[in-house]
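S.K.: sharing a model that was predicted from the sequence below.
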There are 2 protein chains.
Amino acid sequence: MRFLSETESAALITEEMAFAAARDALIAATDAQTFPVVLGHGSEPGNRFTVKSAASDRLAGVKVGSFWPGNEAKGMPRHNSIILLFDQETGRIAATIEAGTVNAFRTAAADAVAADVLARRDATTLAIFGTGNQALYECVAVSKVRALETVHVVARSADRGERFVELLSQKGLKGQLSTAHDACRQADIIVTATTARAPLFESDWVRPGTHVASMGSDARGKQELPPELLANARLFCDLPSQSAEIGEMQHVADRTRLTALGDVLTGKAEGRLADDDITVFDSSGIALQDLYVAEALLNAR
Amino acid sequence: MRFLSETESAALITEEMAFAAARDALIAATDAQTFPVVLGHGSEPGNRFTVKSAASDRLAGVKVGSFWPGNEAKGMPRHNSIILLFDQETGRIAATIEAGTVNAFRTAAADAVAADVLARRDATTLAIFGTGNQALYECVAVSKVRALETVHVVARSADRGERFVELLSQKGLKGQLSTAHDACRQADIIVTATTARAPLFESDWVRPGTHVASMGSDARGKQELPPELLANARLFCDLPSQSAEIGEMQHVADRTRLTALGDVLTGKAEGRLADDDITVFDSSGIALQDLYVAEALLNAR
């Protein structure tokens, strides 16, 4: 069995690799099997993990992602991941990849792929909800597909917000603290990367032509976006069945309104039709993204 | 991350270690969280895998088990397994253990634990349905808890049956080929280790006082035992919720009749009440068994 440690995989991953893998995975997802997600926990029920698995025509495997909230106080990432790829000749696990940092790249990359195909070409202003580790990866990934001039940072605490603006600056991005209202009123792209269980802003704050990405909703009961926005926007997601089950689209009654991003990428479905469309992409996070990025890492090693 | 290869784990595992781990796991299961089982497959849908996960008050982790039927023609085991144990302080995977051989020991050990507590003390005759790799482990494991004099082997092909009798002989067990009828009529213990989707024998062939273990039923649609037997026997299983979902007990309408073996082991529930009781144990295979055996392997290393 090949093994890539956290240190090795973190050294190998790049935005470009994650973007290409996410794009390939989103296309493959429209014609692949994604198996039900397990929502588990550790001996301490507040420590949670998910198990996601999938098979495309080429790759099959399993990703275990964990969220240990107490890690933050120890100065450690709350999220960790490990990816198992099957050797499809034998059914044995051919490779095990520790992928905590990789997971942050791959998650942001899916939103970047969506922004690339759905956001207006002239988008320059990003609003980011959330100031966690993932939020920073989201801003950097979106900045690779649109020439961002300003990132409006909506933070629950000013301290965390200021620290986040400083982190953005280290990545060459110009951030500023904003209220939810002001951020939405000026944004061309809105990304939510929170653990919210209620809408983070109001629908009528969002301007026509905005692209909105919900990254945080990954379990029943999670909610980041106002229902009125979902009612009136064009809706896209990584995997309709999963997004409607555990993603933001659980708050959309009519599942036939959901378009798989992979179908837009291949031209089977239409994306943005007009400059004043509001587009929403929900990233529930699919195992195929992990499998494709795992393969890319093994090839890059 | 600690890693035990297939070679290492196979060298460490013993019947005694597997028995103790299975017993501890069955007891822990009555008070633990077992998460839903994923039934997945590889790019080729005939290549199947399961993902099982659980958390007890002490251990949490995931087991991926695969069944690649084409391996047999290549002289390789069809079943493979890998176990991931969480570091509960951090949520990272602390240990990854290749456990193909270990899985055969742990599965047989659960049936041995059940036979030890449910079969008559004077049981000397075993009927085994199935001549696969797992069936041999089952016979050896049962022989550790009861003084077996004869093993009646029910085989679909005489060739395979004869080879199996030879393998039993190498393990110090006296086997003979029998028809399903003759095997049941003489057995004190019946173990089914097949992939059957219909009953393997008739209910009235089973003598009063027999203990029956169904090992093979691990998915919807699988069935090894006659419904009439289940209707009249005392019913035990590793985990009622899982056994009624994917195990043999999916064919029992009244789930309140199912007793968790762990409750018998701790004295909370009664096992065999009389010498002429027919007892049935269904082993659906629970993740806790894997976690406990993984811990034992790590301690033994």
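M.R.: Sure thing, it's come through.

S.K.: ok, residue A:111 touching residue A:281?
M.R.: Yes. Checked against CB atoms under 8 Å, the pair residue A:111 and residue A:281 is within contact range at 6.9 Å. All C-beta spots, glycine's among them, are computed from the backbone N, C-alpha and C.

S.K.: quick one: which of the two has more around it?
M.R.: Regarding residue A:111 and residue A:281, a neighbour count based on other CB atoms under 10 Å in any protein chain shown identifies residue A:281 as having more, with 30 against 27.

S.K.: not counting its neighbours along the chain, what's nearest the more buried one?
M.R.: residue A:114 (3.9 Å; CB to CB, 6 or more residues apart in numbering or on different chains).

S.K.: now do the SS call for the one you found.
M.R.: Secondary structure, DSSP: H, G, I helix; E, B strand; the rest coil: residue A:114 is helix.

S.K.: overlap of the contact sets of residue A:111 and residue A:281?
M.R.: Listed as contacting both residue A:111 and residue A:281 by CB atoms under 8 Å, 6 or more residues apart in numbering or on different chains are residue A:213.

S.K.: kindly list the main-chain dihedrals of the spatially closest residue to residue A:86 that is not a sequence neighbour?
M.R.: Counting by CB to CB, 6+ apart, residue A:60 is the residue found nearest to residue A:86 once chain neighbours are left out, at 4.5 Å. Phi and psi for residue A:60, reported as degrees, to the nearest 10, are phi -140, psi 140.

S.K.: residue A:60 bridge partners, please.
M.R.: Under the criterion DSSP bridges, residue A:60 forms beta bridges with residue A:55.

S.K.: residues in contact with residue A:194?
M.R.: A:129, A:130, A:132, A:200, A:216, A:224.

S.K.: ranges for the strands of the stretch 201-301 of chain A?
M.R.: Remark: strands assigned in the stretch 201-301 of chain A by DSSP state E, counting those that start in this stretch are A:211-214, A:234-237, A:258-260, A:279-282.

S.K.: can you put those in CSV and add mean pLDDT?
M.R.: As requested, these are arranged in CSV below (pLDDT from 0 to 100):
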stretch, mean pLDDT
strand A:211-214, 97
strand A:234-237, 97
strand A:258-260, 97
strand A:279-282, 97
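
S.K.: want to throw those into a markdown table with distance to residue A:147?
M.R.: Compiled in a markdown table, the strands of the stretch 201-301 of chain A are given as follows (distance: least, CB to CB, whole Å):
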| stretch | distance to residue A:147 |
| --- | --- |
| strand A:211-214 | 15 |
| strand A:234-237 | 22 |
| strand A:258-260 | 26 |
| strand A:279-282 | 19 |
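
S.K.: so which of those gets nearest residue A:178?
M.R.: Of all the strands of the stretch 201-301 of chain A, strand A:211-214 sits nearest to residue A:178, with 15.8 Å by CB to CB.

S.K.: ok, residues contacting the closest one?
M.R.: By CB under 8 Å, 6+ apart, strand A:211-214 touches A:111, A:114-115, A:118-120, A:123, A:138, A:188-192, A:206, A:224-225, A:229, A:233, A:247-248, A:272, A:278-283.

S.K.: these in helices, which ones?
M.R.: A:111, A:114, A:115, A:118, A:138, A:229 (DSSP state H).

S.K.: which one of those is nearest to chain B?
M.R.: Of all those, residue A:138 has the smallest distance to chain B: 21.5 Å, by CB to the nearest CB.

S.K.: how about the helices in the stretch 51-200 of chain A?
M.R.: Counting by DSSP state H, counting those that start in this stretch, the stretch 51-200 of chain A has helices at residues A:100-118, A:133-143, A:158-170, A:180-186.

S.K.: tell me which strands and helices the worst-scoring helix or strand of chain A on mean pLDDT is in contact with?
M.R.: Counting by mean pLDDT, DSSP states H and E, the weakest-scoring helix or strand in chain A turns out to be helix A:240-246, with a mean of 91. Packed against helix A:240-246 by the contact rule (3 or more CB pairs under 8 Å, 6 or more residues apart in numbering or on different chains; DSSP states H and E) you find strand A:258-260.

S.K.: can you list the strands that the strand it packs on pairs with?
M.R.: strand A:234-237 (parallel).

S.K.: show me the contact partners of the partner strand.
M.R.: With CB under 8 Å, 6+ apart, strand A:234-237 has contacts from A:114, A:118, A:243-244, A:247-249, A:252, A:257-261, A:264, A:271-273, A:277-284.

S.K.: which phi and psi values does residue A:222 adopt?
M.R.: Torsion angles, degrees, to the nearest 10, at residue A:222: phi -80, psi 140.

S.K.: neighbours of the nearest residue to it once chain neighbours are set aside, just the number please.
M.R.: Among residues not flanking residue A:222 along the chain, residue A:197 sits closest, at 6.0 Å (CB to CB, 6+ apart). Residues near residue A:197, counting by other CB under 10 Å, number 12.

S.K.: do the same with residue A:72
M.R.: With other CB under 10 Å as criterion, residue A:72 counts 12.

S.K.: show me what contacts it?
M.R.: residue A:78.

S.K.: which ones are touching residue A:258?
M.R.: Taking CB under 8 Å, 6+ apart, we find residue A:258 in contact with A:235, A:236, A:237, A:240, A:243, A:244, A:249, A:252.

S.K.: from residue A:277, how far out is the second one?
M.R.: Here the distance between residue A:236 and residue A:277 works out to 11 Å (CB to CB, to the nearest Å).

S.K.: now the third one
M.R.: Using CB to CB, we find residue A:237 at a distance of 16 Å from residue A:277.

S.K.: residue A:247 contacts residue A:220, correct?
M.R.: No. Contact criterion CB under 8 Å: residue A:247 and residue A:220 do not qualify, at 9.9 Å.

S.K.: and these two? which has more neighbours close in?
M.R.: A direct count of neighbours by other CB under 10 Å for residue A:247 and residue A:220 places residue A:247 higher, at 30 against 10.

S.K.: got the phi/psi numbers for the more buried one?
M.R.: The phi/psi pair for residue A:247 (degrees, to the nearest 10) is phi -90, psi -170.

S.K.: give the contact list for it.
M.R.: Residue A:247 touches A:214, A:217, A:218, A:237, A:238, A:282, A:283, A:284, counting by CB under 8 Å, 6+ apart.

S.K.: can you rerun that using 6 Å?
M.R.: Residue A:247 is in contact with A:217, A:282, A:284, counting by CB atoms under 6 Å, 6 or more residues apart in numbering or on different chains.

S.K.: how near is it to chain B?
M.R.: 18 Å (CB to the nearest CB, to the nearest Å).

S.K.: the closest residue in space to that residue that isn't next to it in sequence: neighbour count?
M.R.: Excluding its sequence neighbours, the residue lying closest to residue A:247 (CB to CB, 6+ apart) is residue A:284, at 3.3 Å. Neighbours of residue A:284 under the rule other CB under 10 Å: 28.

S.K.: show the pLDDT at residue A:92.
M.R.: Per-residue pLDDT puts residue A:92 at 97.

S.K.: dump the residue contacts of it.
M.R.: Residue A:92 touches residue B:80, counting by CB under 6 Å, 6+ apart.

S.K.: and stretch A:244-263, end to end?
M.R.: This stretch, stretch A:244-263, spans 17 Å end to end (CA to CA, to the nearest Å).
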